[in-house]
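*Asks:* My questions are about this predicted structure, shown below with the sequence.
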Amino acid sequence: MRLEISCQDRLGITQDVLDILVAHEIDLRGIEIDVGGKIFLNFPNIEFADFQHLMPKIRRIDGIDDVKTTPFMPAERERNQLSAILQTLPDPVFSIDTRGQILMCNEAVTAGLEMSADSIRGEDVAEWVKGFNFHKWLESTAIQPASSKVQFIQQDYLADMLPIIVPDGEDGTIIAGAVVLLKSEMRLGQQFTAFHQQKTDSFDKFITQSTVMHKTVKEARKVADLDAPILIFGETGTGKEMIARACHQASRRNEGEFLALNCASLPDSVAETELFGYAAGAFNQPEGKPGLFELAAGGTLLLDEIADMSTQLQAKLLRVMEHGEFRRVGDDKPVKIDVRFICTTCRDLGQLVEEGLFRKELYYRLNVLALVMPSLKERKQDIVPLAESFIVQHSGKLGRRPAKLSKSCVEYLQNYPWPGNVRQLQNALYRALSLLDGKEITKEDIQLPSCAPSTTYIDENFDGTLDEEVKKFERDLLKRLYPSYPSTRQLAKKLGLSHTAIANKLREYGINKATVKL
C-alpha cells in the first residue's frame, strides 16, 4: 500500500507521521519527501479495520492537509516511465554505473545478444561494446558527452555516451554513471534523409535499389504532374495500382478523388453504369446515380486491366475521351468531365490491336505517357529490401518484433522466379510470420510452389504451330530487351548473334525506336 500525504512545511511533521506507523506496528518499506509539500509512504497492505483507524490519526496531525492512496511512489513512476521509453527505442541502449557495469538495457540489446536482461546486468559494457575506453572516460576529471564509432555484435555503430550528473549539496555535482546509445549506419541514414527531406514524396515508399525500378520511378515522377493519360504495363502483382496512386498524389489533382474500376471483374452492363451512372427513372429507380466519371471530377480515374474491357465499352470510352463529355444511362443531357485517366494492363495491347481485340484509336489515345513496371525477377537487388520492409509492416500488424532472414532464406528468395511478383513475396512473408515461433525466418518457413522454367514460356493449350509459337516468343524477347539494348550491335552481343541477323529480326517484327518505348 502507498499513501500520498499533502502537508505544510513544518519541522517534525514527518516524524509525527512515522510515530503513528510505529504505534500501529506497520513495517515501512520506503519513504519519499517531495519539495512540493508531499510525503509518500510505502508499506505492506494492512487490514481494512486497521486502515480505517490509521487514516484519521494521520489527518489529525497538525499541518496535514490531505491523505490518499496512490498507485506508485514517485521513484517507481519515474523508473517505470524510463523503462517504457527504453523498451520502445529501436536502438540498443545501455545504462552503466561509474565502473562501466551495466545497470539496465533495452529489448534491442537483449534481442541482439539473445540473452536475458538479468544475465547482462552487472557485466562490463566493454565486454559487448568494443572500440571505446569507457573506464578512462568515466574516470576523467571533467567528463563530457562523447561520440565514437564502436562495434556491437560485430557490426559498426555510432555510440553516444551521455554522462548522468546528479546534484551533490547546494553547488556540487557527482557522476552517477552514463547512458550509452548505439545507432546503426542504416538508422543514421534514415534520420539524415528525414532531416533533409523538404516534403513528403509519394514515390519514396518504392524500393529502387535495382536500376530498372529506379528508372521506372524516375519516369513516373516526370509524368505524374502532366495531365495526359498514363498507360502502365506490367505483370500481375508488380504494383501497377500502387504507382498509379503515387502519380495521382504527386499531381496537381492530388486534392481530388482517386477512384478505380477493375475492367476484368464486372460484366459490361454493370461496368457501364459504374462509369456513366444512370438518370432518375432508369432501371425503375426513382433516383439517379452518378458514375465514376462524375465522382472523380477534378481527380484521377484508374481503369485497371483495360485490356479486358469489351470492344463495345471501349468505343463508348473513346467517345468520352474525344468529346470530353458523356451522358448518364437513360439521360439525354450531356455532362462535361474533368478527369485524368490512368490505365493498367498486364497484356500486350499492341498485339491485341493487331489481333483486332482492342480498338486502335483508343490504344493511341491512352498510350500517351507509358510506364513499364518491371517484374520482381528483373529486380533482384530489390528482393531483400522489399522482404525486410514487408516483415516490418506485417510484424506491426501481428504485434510482434520483426524477425530476421536467415542466409539460406535470403538466397532462396533471390533465386525464386516469383511468377506472382511483389504481391506473392508479400503474401509469402505474411504467412511465414503468422506461423513463426522463433526470431528468424528460414527457407523452410517460406511456402512457395515450385516453378519449373519449362512451364513459364508457352501454355500447353496454345493455338498454332511450333514455328508460330517460337516466333512469338522470339518477338516478345526482343521487344523486352530492346529498351535496354537499343543498338543492334549491343543486342547482337547480348544474344550471341551477328549484327545482320539481329537487324533482320528487328525489321521482321517491326521493332524500332518508333514502336518500342525506350
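*Replies:* Perfect, I can see it now. Numbers count the residues shown, from 1 in each chain.

*Asks:* List the contacts of residue 57.
*Replies:* With contact taken as C-beta atoms under 8 Å, 6 or more residues apart in numbering, residue 57 is in contact with residue 20. In short, each C-beta sits where N, CA and C put it, glycine included.

*Asks:* How is the protein partitioned into domains?
*Replies:* Recorded structural domains for the chain (assignment: automatic domain parsing) are 2-75, 89-189, 211-365, 376-451, 462-509.

*Asks:* what packs against the helix ranked longest in the chain?
*Replies:* The helix that spans the most residues within the chain, counting by DSSP state H, is helix 380-398. The contact analysis (3 or more C-beta pairs under 8 Å, 6 or more residues apart in numbering; DSSP states H and E) places helix 380-398 against strand 404-405, helix 407-415, helix 421-435.

*Asks:* mind showing which ranges of the stretch 1-150 of the chain have poor pLDDT?
*Replies:* Judged by pLDDT under 70, the stretch 1-150 of the chain has its weakly predicted residues at 35, 81-87.

*Asks:* ranges for the helices of it?
*Replies:* Residue ranges of the helices in the stretch 1-150 of the chain, as given by DSSP state H, counting those that start in this stretch, are 13-23, 48-59, 74-88, 107-113, 117-120, 134-139.

*Asks:* in a strand, that's where residue 179 is, yeah?
*Replies:* Yes. Assigned with DSSP: H, G, I helix; E, B strand; the rest coil, residue 179 falls within a strand.

*Asks:* on that earlier part again, looking at the helices and strands packed on helix 380-398, which is closest to residue 373?
*Replies:* When these are compared by C-beta to C-beta, helix 421-435 sits nearest residue 373, at 8.6 Å.

*Asks:* elements contacting the closest one?
*Replies:* Contact analysis of helix 421-435 by 3+ C-beta pairs under 8 Å, 6+ apart lists helix 380-398, strand 440-441 as its packing neighbours.

*Asks:* Quick one: those as TSV, columns for distance to residue 122 and mean neighbour count too.
*Replies:* Listed next are the helices and strands packed on helix 421-435 as TSV, based on distance: least, C-beta to C-beta, whole Å; neighbours: other C-beta atoms under 10 Å:
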stretch	distance to residue 122	mean neighbour count
helix 380-398	31	16
strand 440-441	28	18
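
*Asks:* quick one: low-confidence ranges for the stretch 151-300 of the chain?
*Replies:* Across the stretch 151-300 of the chain, the ranges flagged by pLDDT under 70 are 169-171, 190, 193-201.

*Asks:* where do the helices sit along it?
*Replies:* Assigned by DSSP H, counting those that start in this stretch, the stretch 151-300 of the chain shows helices spanning 185-196, 211-224, 240-249, 268-276, 292-295.

*Asks:* can you tell me how far residue 401 sits from residue 90?
*Replies:* Separation of residue 401 from residue 90 (C-beta to C-beta, to the nearest Å): 10 Å.

*Asks:* quick one, what contacts the residue nearest to residue 418 when sequence neighbours are not counted?
*Replies:* Nearest residue to residue 418, sequence neighbours excluded (C-beta to C-beta, 6 or more residues apart in numbering): residue 376, at 4.1 Å. By C-beta under 8 Å, 6+ apart, residue 376 lies in contact with 237-238, 382-383, 386, 418, 421-422, 424-425.

*Asks:* Out of those residues, which comes closest to residue 99?
*Replies:* Residue 99 has its nearest neighbour among the contacts of residue 376 in residue 386, at 45.5 Å by C-beta to C-beta.

*Asks:* and the residue nearest to that closest one when sequence neighbours are not counted, how many residues sit next to it?
*Replies:* Closest residue to residue 386 apart from its sequence neighbours, by C-beta to C-beta, 6+ apart: residue 207 at 5.4 Å. Residue 207 has 20 neighbouring residues, counting by other C-beta atoms under 10 Å.

*Asks:* for residue 416, same thing?
*Replies:* Using other C-beta under 10 Å, residue 416 has 19 neighbouring residues.

*Asks:* Enumerate every residue touching the residue nearest to residue 249 when sequence neighbours are not counted.
*Replies:* Spatial nearest neighbour of residue 249, excluding adjacent residues (C-beta to C-beta, 6+ apart): residue 202 at 3.7 Å. Neighbour list for residue 202: 224, 245-247, 249-250 [criterion: C-beta under 8 Å, 6+ apart].

*Asks:* Roughly how far does residue 207 sit from residue 387?
*Replies:* Here the distance between residue 207 and residue 387 works out to 10 Å (C-beta to C-beta).

*Asks:* Likewise for residue 44?
*Replies:* Distance from residue 44 to residue 387, by C-beta to C-beta: 53 Å.

*Asks:* before we move on, what about residue 73?
*Replies:* Distance, residue 73 to residue 387, using C-beta to C-beta: 46 Å.

*Asks:* go on, residue 104?
*Replies:* Residue 104 is 33 Å from residue 387, where distance means C-beta to C-beta.

*Asks:* same deal with residue 164?
*Replies:* According to C-beta to C-beta, residue 164 and residue 387 sit 40 Å apart.

*Asks:* cool, residue 335 as well?
*Replies:* 47 Å.

*Asks:* swap in residue 447?
*Replies:* Look at residue 447 and residue 387: by C-beta to C-beta, they are 15 Å apart.

*Asks:* repeat for residue 214
*Replies:* The gap separating residue 214 from residue 387 is 18 Å, by C-beta to C-beta.

*Asks:* what's the answer for residue 143, then?
*Replies:* Residue 143 is 43 Å from residue 387, where distance means C-beta to C-beta.

*Asks:* picking up where we left off before, and the domains of the chain: which comes nearest residue 515?
*Replies:* With distances scored as C-beta to C-beta, the stretch of these nearest to residue 515 is domain 211-365 (7.6 Å).

*Asks:* Tell me the gap between that closest one and the middle of its chain.
*Replies:* Offset of domain 211-365 from its chain centre (C-alpha atoms, centre = their mean, to the nearest Å): 28 Å.

*Asks:* ok, now stretch 346-366?
*Replies:* For stretch 346-366 - counting by C-alpha atoms, centre = their mean - the centre lies 36 Å from the chain centre.

*Asks:* Give me the contacts around that stretch.
*Replies:* Outside of stretch 346-366, the residues within contact range by C-beta under 8 Å, 6+ apart are 229, 231, 233-236, 240, 305-307, 311, 314-315, 317-318, 321-322, 341, 343, 367, 476, 515.

*Asks:* Now do that stretch, average pLDDT.
*Replies:* Throughout stretch 346-366, pLDDT has a mean value of 88.

*Asks:* Could you export it as CSV, CA atoms only?
*Replies:* Backbone C-alpha positions of stretch 346-366 (Å, rounded to 0.1, in the frame of the first residue of the first chain) are rendered in CSV as follows:
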residue,chain,number,x,y,z
CYS,A,346,-0.7,-7.0,-67.9
ARG,A,347,-1.2,-7.8,-71.6
ASP,A,348,0.4,-6.6,-74.8
LEU,A,349,-2.1,-4.0,-76.1
GLY,A,350,-0.1,-3.6,-79.3
GLN,A,351,-0.6,-7.3,-80.1
LEU,A,352,-4.3,-7.1,-79.1
VAL,A,353,-4.7,-4.2,-81.6
GLU,A,354,-3.1,-6.3,-84.4
GLU,A,355,-5.5,-9.2,-83.5
GLY,A,356,-8.5,-6.9,-83.6
LEU,A,357,-9.2,-7.4,-79.9
PHE,A,358,-8.5,-3.8,-78.8
ARG,A,359,-9.5,-0.6,-80.6
LYS,A,360,-6.6,1.1,-82.3
GLU,A,361,-7.9,4.6,-81.8
LEU,A,362,-8.4,4.0,-78.0
TYR,A,363,-4.9,2.5,-77.8
TYR,A,364,-3.2,5.5,-79.3
ARG,A,365,-5.3,7.9,-77.2
LEU,A,366,-4.4,6.1,-74.0
